[in-house]
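>>> Model the following, please.
(one chain, ligands or ions: 1)
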Amino acid sequence: MSVAESLRPAPSSMLPRVIVKRRRARPLFARHPWLFAGSIERVEGDAADGAEVVVESHDGEFIARGLYNGQSQIRVRLYSWQPDQALDAACWRARLADAVRLRRDVLGLDDPAGACRLVFSEADAISGLVVDRYGPWLVAQVTSLAIAERLGVFTHLLVELCRPRGIYLRTERGVAAAEGLRISDGPIGGDVPVEPVRITEDDLVYEVDIRTGQKTGFYLDQRENRRAMARYARGRRVLDVFCYTGGFALAAARAGASEVLGVDVSEAAVAAARSNAALNGLGAVRFEAADAFEFMHERAAEGEAGGYGMVILDPPKFARHTRSLDAALRGYHRANRLAVDLIEPDGILVTCSCSGHVSRADFAAILGGVAEESGRSIQILAERGQAADHPVSASCLETSYLKCFIARVV
Ligand code: SAH
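Coordinates of the predicted model:
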């Protein structure tokens, strides 16, 4: 769709109507943005995939305007609860400008060499779009077909608002199939960086490969947790498990850890972590490519039990679906048990879970189980979440996914 076309709003009376089943409308009135296929009574009119629709209650009451996708379980994504608010370029421009203002004016994440999440999907009222800024580069991730169809509009608006050197599109595994997306990774505007992009976070420099790195290249959601961890790192022997490109490891070294070892199964991540350590002139940091579970198990067997003053655990998402929750909880239990065994008395455990399906209560209960099993007291000193540039929408609590607990293991 061209910008001009999407500037021409359709009055809501002319749009196809999606009627919600009785007793299923409450969350939608409360501004939850996902209407699932199973909650739809019927569709009136020709709702093409990606098209704008009006969502109504069983009694014919207006609920919201949204974008339809017959190929997704999230059949309609809701964007506006005002009947006269068309989902056109002017609407997207206002939302992107809002999102940029939060990062720049409220959070002060305006260092030109810094990195931050500029747009966080539902949490910024643009369900299906994520945009991260790495210095002068933007990386976009699209998770909905309707947004993919409007990519030209979003690219145009992002260029206008942010003046990036280039915008690169990344797609998340599995999402393309779930939404029926036909897009692939690559540049969607401006130049492409030929080398990894150098970004600064708290006076540390990290190289980020926006084309091949995990997610969009760097775990920006952990920025404030790395800072919180640093408060406890001085003088300690630190083990950073699931270290990726060294985010926590470097922050611990900079904060005065006596020694830091990072472990990750990905050889590419470990190579990048080593080069990041060198880039910052940090000598007391080493990295090793290994499976985290085997590594921790072997270290304990080799007499390193109780040998670390701090263990950081930041595993990948163990629970992708509710049905894998039990297996995920067992995985977190095992990882945390192994970590606790390596921690000296009065040592610090920094433990994270990025699975949205695992609640804070579940996560605390895992630590309780580990305390019981290991006979060690675990005192939670801080219960943290994702950095503020990944805000949580009070209307869509699924946007809250990251947990980071800092605990003393007595
Ligand atoms: N703490 C990191 C982000 C970690 S993301 C940061 O601040 O940047 C999770 C990491 O776990 C990924 O780098 C992934 O390669 C790694 N990983 C996944 N399975 C693993 C396993 N079994 N053993 C070790 N690392 C693993």
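
>>> mind checking which helix or strand Glu294 is in?
helix 292-299 (DSSP states H and E).

>>> Buried residues in that helix, which are they?
Neighbour-count burial for helix 292-299 flags Ala292, Phe295, Met296, Arg299 (criterion: 16 or more other C-beta atoms under 10 Å). Any C-beta I mention is one placed from the backbone N, CA and C, and that applies to glycine too.

>>> which of these are close to the ligand?
Of the residues in the buried residues of helix 292-299, proximity to the ligand by C-beta under 6 Å from any ligand atom holds for Ala292.

>>> would you turn the buried residues of helix 292-299 into a markdown table with pLDDT?
Conversion of the buried residues of helix 292-299 to a markdown table gives the following (pLDDT from 0 to 100):
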| residue | pLDDT |
| --- | --- |
| Ala292 | 98 |
| Phe295 | 98 |
| Met296 | 98 |
| Arg299 | 94 |
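
>>> The ligand: which of the buried residues of helix 292-299 is nearest?
Relative to the ligand, the closest of the buried residues of helix 292-299 is Ala292; by C-beta to the nearest ligand atom it sits at 3.4 Å.

>>> In contact with the closest residue in space to that closest one that isn't next to it in sequence: list those residues for me.
For Ala292, ignoring the flanking residues on the chain, the nearest one in space by C-beta to C-beta, 6 or more residues apart in numbering is Val241 at 4.9 Å. Going by C-beta atoms under 8 Å, 6 or more residues apart in numbering, Val241 touches Val263, Ala292, Phe295, Met296, Val311, Ile312, Leu313, Asp314, Pro315, Ala335, Ala339.

>>> picking that back up, hmm, who's touching the next helix-or-strand element following the helix holding Glu294?
Counting by DSSP H and E, the next helix or strand C-terminal to helix 292-299 is strand 308-313. With contact meaning C-beta under 8 Å, 6+ apart, strand 308-313 is reached by 229, 232-233, 235-243, 248-249, 252, 257-258, 335-336, 339-340, 342-344, 347-352.

>>> So which of these belong to strands?
237-241, 343-344, 347-352 (DSSP state E).

>>> Can you say which of these are buried?
237-241, 343-344, 347-352.

>>> now, which of those residues sits nearest Ser80?
Nearest to Ser80 among these is Cys352, at 34.7 Å by C-beta to C-beta.

>>> show me the residues around the closest one that make contact.
Gln222, Asn225, Leu313, Asp314, Pro315, Leu402, Lys403, Cys404, Phe405.

>>> who touches Ile348 in this structure?
Tyr232, Arg236, Gly309, Met310, Val311, Ile406, Ala407, Arg408, Val409.

>>> Just list whatever residues bridge to it.
Met310, Arg408 (DSSP bridges).

>>> what about it, distance to Glu302?
Separation of Ile348 from Glu302 (C-beta to C-beta, to the nearest Å): 22 Å.

>>> Just the closest residue of the stretch 151-300 of the chain to the ligand, please.
Counting by C-beta to the nearest ligand atom, the stretch 151-300 of the chain gets nearest the ligand through Gly247, at 2.7 Å.

>>> in the stretch 1-150 of the chain, which ranges drop under the pLDDT threshold?
1-10 (pLDDT under 70).

>>> Spell out which residues of the stretch 251-400 of the chain are next to the ligand.
Counting by C-beta under 6 Å from any ligand atom, the stretch 251-400 of the chain sits next to the ligand at Asp264, Val265, Ser266, Ala269, Asp291, Ala292, Asp314, Pro315, Pro316.

>>> Show the buried residues in these.
So, by 16+ other C-beta under 10 Å, the buried ones in those are Asp264, Ala269, Ala292, Asp314, Pro315.

>>> what residues are up against the first one?
Under the criterion of C-beta under 8 Å, 6+ apart, the contact list for Asp264 reads Phe242, Cys243, Tyr244, Val270, Ala273, Phe287, Ala289, Ala290, Ala292.

>>> wait, what's in contact with the fifth one?
Taking C-beta under 8 Å, 6+ apart, we find Ala273 in contact with Cys243, Tyr244, Thr245, Gly246, Ala249, Leu250, Gly262, Asp264, Phe287.

>>> residues near Asp362, how many?
For Asp362, the tally of surrounding residues (other C-beta atoms under 10 Å) stands at 17.

>>> for the one 10 residues further on, same thing?
If you count neighbours by other C-beta under 10 Å, Glu372 ends up with 10.

>>> May I ask which helix or strand encompasses it?
Going by DSSP H and E, Glu372 is part of helix 360-374.

>>> Give me the residues contacting that helix.
329, 332-333, 336-337, 340-341, 351, 353, 376-378, 380, 383, 403, 405, 407.

>>> Noted, bye for now.
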